[in-house]
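Engineer: Here is a sequence with its predicted model. Questions after.
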Amino acid sequence: MAATEIARQAGEGARAVPLAGHVGFDSMPDQLVNKSVNHGFCFNILCVGETGLGKSTLMDTLFNTKFEGEPTQHNQPGVQLKSNTYELQESNVRLKLTVVNTVGFGDQINKEDSYKSIVEFIDTQFEAYLQEELKIKRTLHSYHDTRIHACLYFIAPTGHSLKSLDLVTMKKLDSKVNIIPIIAKSDAISKSELTKFKIKITSELVSNGVQIYQFPTDDETVAEINSTMNGHLPFAVVGSTEEVKIGNKMVKARQYPWGTVQVENESHCDFVKLREMLIRVNMEDLREQTHTRHYELYRRCKLEEMGFKDTDPDCKPFSLQETYEAKRNEFMGDLQKKEEEMRQMFVQRVKEKEAELKEAEKELHEKFDRLKKLHQDEKKKLEDKKKSLDDELNGFKQKKTAAELLQSQAQQAGGSTTLKRDKERKN
Amino acid sequence: MIERPESTVASIARNLEGYVGFANLPNQVYRKSVKRGFEFTLMVVGESGLGKSTLINSLFLTDLYSKDYPGPSLRIKKTVQVEQSKVLVKEGGVQLTLTIVDTPGFGDAVDNSNCWQPVINFIDSKCEDFLNAESRVNRRLMPDNRVHCCLYFIAPSGHGLKPLDIEFMKRLHDKVNVIPLIAKADTLTPEECQLFKKQIMKEIQEHKIRIYEFPDAEDDEDSKLIRKIKERMPLAVVGSNVVIEVNGKKVRGRQYPWGVAEVENGEHCDFTVLRNMLIRTHMQDLKDVTNNVHYENYRSKKLAAVTCNGGVDTSKTKNQMTRSPLAQMEEERREHVMKMKKMETEMEQVFEMKVKEKKQKLKDSEAELERRHEQMKKNLEVQYKELEEKRRHHEEERCNWEAQQRILEQQKLDASKTMEKNKKKGKIF
């Protein structure tokens, strides 16, 4: 067999070489894009907020379509998450959009556990992906990703500050999902109040250590716009699916007696900014962050929980095979031990029972030995009695015979005496 | 209180009533990919002297192998080696980290059995690295060093595939994308080339070798192009490091006394087809197929070996494949628990049965002994009764006899008295 020589690299790392002409690999991004377009895109949004803050309306407005669902009542017993998946298409781009709504959030008297079902839902999606990734035969390429890519957190337009429920929930969610806080129904707040409100919210978030999603500024093409937008967070939005005629155009708006709030007017609200940031500029980044940051964190915690490590006590790296094999051996050993234990227990029981039964047997034998002895005694007594009776009988017989003999003798003698007397008389 | 969310995987189609903006997604993807940069690993396999290094230089229009970095074929080696060279090339703002893997010594020995083994080992080791990196607890951005494409150089004999060619391709076709090429195609006339190609394709099909297949395109134009490429397989290529002037144009080619064989002339050879296909249109697909098919094959085989130790029956393995090794262990644990329960109940049953048997036996022997004892007792009693009877009888008899005796005695006494009297009286006579 030909000997193997492991690869030697011609120089560490890559050296840059000039090209003498157009090779053509600058089409790589296009190739990649074409493939993604053919495959279709997928995006999952989670809307968290109290009932009645206009979550569904905002979704409808953002995606210019009417999604499912009727307005929910306030009497839900707990927080439920309802998700719906939609297939949208714009020019040649297909998007599988999943909108998850929290129903009943903030309606209960005791809201301590409100965040739990949300956290559980997010974790469930991570878990499903992790399970798929760990399978032996897996189909990651065609797997429908259900992980939450963006969480829109709806803040009630009180104008003062964040509610404690908001802080608690966002704190629990910030390490699991990209949080984008938005001020809902912001047409209830005046401009000056709004600025103060935004500043208050941002400072509260910072002081409580809540990490909200920051639009990325590392790519030069979008760095500028992203950093500007970062300064406008949280976005104050208004949603509406009704159209009102302004000038000679039909625009989405909310009509009040004192005026009309135009959704897409940037001086009226930040809706356009939100749409810009969420959909047009950073959708892909949100997805990437979910996968490389939040999912990896979840995965790491889960694997560590299960006892996986990257290095053994000697700080040498484990190979996957070793880890699995070690786990498997441990597991098998465990099972075998359990089996042994059970067997031992049975052996013990059998021994005990055997001893018991032997005892009983012994007792029984003893009892019968006693009885036997008794019986023998009785028999002996009987024998004795028999013997004595026999003796008596014999004695009596002898006596009788003797007496009879005597009698007969006496008779004879008596007879002879009578004869003698008779004889004498005659004489 | 916490309820499961109802998710409809069956999605509903919706029409948009206005511009939303996610049509910009492709641009976002484009932007990010350019920022990330690309990587590609190309492997060339073939006997020495088939022009592999020259072809690489021609493909990438660079002197990958030059005087400073001589190609592996210029070095003398005794055994098959696997060597990789990494270069960074830039074009149009796109960065590509290109890794060329060469296999000097392949097929050069007298005895070439297993000369493919180092190649297989290399490919597997790259897959293993990726698998380990992917399976770490702390994962970082993993570089993709897996072999994405293997160009196999066939010597232009004009006759058919050599046994070594067939053997190699058969062993590697499910580990890497294999693209067979006819090397130094300028030694074949077009007709010879056609025949040669037909022969090769026939042999490839006969031996069920799965070479890289071009995916079907969406629109008709691309489909036509792809069909054209498929008809020309395997591609006959010519490479050259030299630029020659032909008709006022500078072209890469090989100068012969009878003319110039141009590398990039479609009528002279299939080089442009190769370059277009390999670099300009299907580079990404080659990477995807490596990731989704070849790597997954390797991975599932590797993990299956870990979890299914020893002999397995096929029906069980099928089920195990759809689970992760951990879930597999969970399942086995559950099975084991059930098995133990069953064993426990069985042992209980046997135990109970034996105890019952033994108890029954004891009872039986107890009953038997009781019975015998009773019988003996009865026996004794009967004898006693008999004895009593006898005694009574005897007593009666004796009483009677004694009574009789007494009467007799009395009579005797009376008689003797009378005799006395008579005797006295008798004297008077």
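Structural biologist: That came through fine. Everything numeric in this text was worked out from a predicted model, so none of it was measured.

Engineer: Closest residue of the stretch 101-250 of chain B to chain A?
Structural biologist: For the stretch 101-250 of chain B, the residue closest to chain A is B:Ser135, as judged by CB to the nearest CB, at 4.0 Å. All C-beta atoms are positioned from the backbone trio N, CA, C, and that covers glycine.

Engineer: Chain B contacts on the stretch 101-250 of chain A?
Structural biologist: A:113, A:116-117, A:120-121, A:131, A:133-138, A:140-141, A:144, A:146, A:219, A:221-222 (CB under 8 Å from any CB of the partner chain).

Engineer: Mark which of those are buried, thanks.
Structural biologist: Listed as buried from those are A:Ser117, A:Glu120, A:Phe121, A:Leu134, A:Lys135, A:Ile136, A:Lys137, A:Arg138, A:Thr146, A:Val222; burial here means 16 or more other CB atoms under 10 Å in any protein chain shown.

Engineer: so where's chain A uncertain?
Structural biologist: Applying pLDDT under 70 to chain A flags the ranges A:1-13, A:69-70, A:309-324, A:414-427.

Engineer: ok, now with 50
Structural biologist: Scanning chain A for pLDDT under 50 picks out the ranges A:1-12, A:313-317.

Engineer: Sketch out the helices for it, chain order is fine.
Structural biologist: For chain A, the helices defined by DSSP state H occupy A:28-39, A:55-62, A:114-134, A:164-173, A:191-207, A:220-232, A:271-275, A:283-289, A:296-305, A:320-426.

Engineer: Then chain B?
Structural biologist: B:25-36, B:52-60, B:117-135, B:163-172, B:190-206, B:220-231, B:271-275, B:283-289, B:295-307, B:314-321, B:325-428.

Engineer: related to what we said a few turns ago, ok, of the buried ones among the residues of the stretch 101-250 of chain A next to chain B, which one's closest to A:Ser190?
Structural biologist: A:Val222 (31.8 Å; CB to CB).

Engineer: Next one: the closest one from A:Gly159, what distance?
Structural biologist: As judged by CB to CB, to the nearest Å, A:Val222 and A:Gly159 stand 32 Å apart.

Engineer: same thing with B:Gln205?
Structural biologist: In terms of CB to CB, B:Gln205 sits 76 Å off from A:Gly159.

Engineer: more crowded one of these two?
Structural biologist: Neighbour count, other CB atoms under 10 Å in any protein chain shown: between B:Gln205 and A:Gly159, A:Gly159 has more, with 15 against 10.

Engineer: Now the more buried one: closest residue in space that isn't a chain neighbour?
Structural biologist: Excluding the flanking residues, the one nearest A:Gly159 by CB to CB, 6 or more residues apart in numbering or on different chains is A:Glu193, at 4.8 Å.

Engineer: That neighbour: how many residues sit nearby?
Structural biologist: Neighbour count for A:Glu193, taken as other CB under 10 Å: 15.

Engineer: A:Thr158 is in contact with that one, correct?
Structural biologist: No: in this structure, A:Glu193 is not within contact of A:Thr158 by CB atoms under 8 Å, at 9.9 Å.

Engineer: What is the neighbour count of residue 397?
Structural biologist: No chain in the question, so chain A it is. Residue neighbour count, defined by other CB under 10 Å, stands at 11 for A:Lys397.

Engineer: ah, I was thinking of chain B
Structural biologist: Applying other CB under 10 Å, we find 13 residues neighbouring B:Glu397.

Engineer: returning to what we had before: could you export the helices of chain A to a markdown table, including columns for distance to B:Ile279?
Structural biologist: As requested, the helices of chain A are exported to a markdown table (distance: least, CB to CB, whole Å):
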| stretch | distance to B:Ile279 |
| --- | --- |
| helix A:28-39 | 8 |
| helix A:55-62 | 40 |
| helix A:114-134 | 31 |
| helix A:164-173 | 45 |
| helix A:191-207 | 49 |
| helix A:220-232 | 25 |
| helix A:271-275 | 38 |
| helix A:283-289 | 25 |
| helix A:296-305 | 33 |
| helix A:320-426 | 33 |
